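Asker: Please find the sequence and the predicted model below.
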Amino acid sequence: MHEFATAQSIVRTVTRAALMHQAKKITEVRLELGEFTFINPQQLQFVFEIAAKGSPAEEAKLIITRLPGKIKCLKCGYEGGLKYTGPEIHSSVMAAFVLDCPKCGNKETEIIGGRELRIKDIKVEME
Ligand SMILES: [Zn+2]
């Protein structure tokens, strides 16, 4: 599962950061998550709790900020968001279907934003 591997890697990263600062406990993790990472934020929340068990991040609150996806049309030069208003996209298979240019309908588009998966900030508790 995509989300679980992601959660594990977040736990590893924040645990390392906590150890570096000799912090006992991580209380908060702020994450930026792009729309085109195809990670379901609710699922990520859920598996983060599982992945963090037994680590300093065990009781950390995961705060996810979503960043919208942006595409560039290779035909008409359109740059911006998608007009897609259906259910949230959770797989690259579905993405291939919705990534058409909203202006001219061209299918040859390039993703220029929304692939972010960044830990912005963590809060820790010192001993
Ligand atoms: Zn276009």
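Answerer: Structure's in. What do you need? Numbers count the residues shown, from 1 in each chain.

Asker: Spatially central residue for the chain, please.
Answerer: Nearest to the geometric centre of the chain sits residue 33, at 2.6 Å (CA atoms, centre = their mean).

Asker: okay, the residue nearest to it when sequence neighbours are not counted: pLDDT?
Answerer: When the adjacent residues along the chain are set aside, residue 33 lies closest to residue 64, with 5.3 Å between them (CB to CB, 6 or more residues apart in numbering). (Each C-beta comes from the backbone N, C-alpha and C, glycine too.) You'll see residue 64 listed with a pLDDT of 97.

Asker: Next, find the distance separating residue 64 from the ion.
Answerer: For residue 64, the distance to the ion equals 31 Å [CB to the ion, to the nearest Å].

Asker: wait, what's in contact with the residue nearest to residue 101 when sequence neighbours are not counted?
Answerer: When the adjacent residues along the chain are set aside, residue 101 lies closest to residue 73, with 3.8 Å between them (CB to CB, 6+ apart). Remark: with contacts taken as CB atoms under 8 Å, 6 or more residues apart in numbering, residue 73 is in contact with 79, 101, 103-104, 106, 108-109.

Asker: Sheet partners, orientation included, of the helix or strand containing residue 72?
Answerer: Using DSSP states H and E, the secondary-structure element containing residue 72 is strand 70-73. In the sheet containing strand 70-73, its partner strands are strand 79-80 (antiparallel), strand 109-113 (antiparallel), by DSSP bridges.

Asker: Pull the residues that contact the first one.
Answerer: Contact partners of strand 79-80, identified using CB under 8 Å, 6+ apart, comprise 70-73, 102, 112.

Asker: That strand and the ion, any residue contact?
Answerer: No: no part of strand 79-80 sits close enough to the ion to count as contact by CB under 5 Å from the ion; the gap is at least 9.7 Å.
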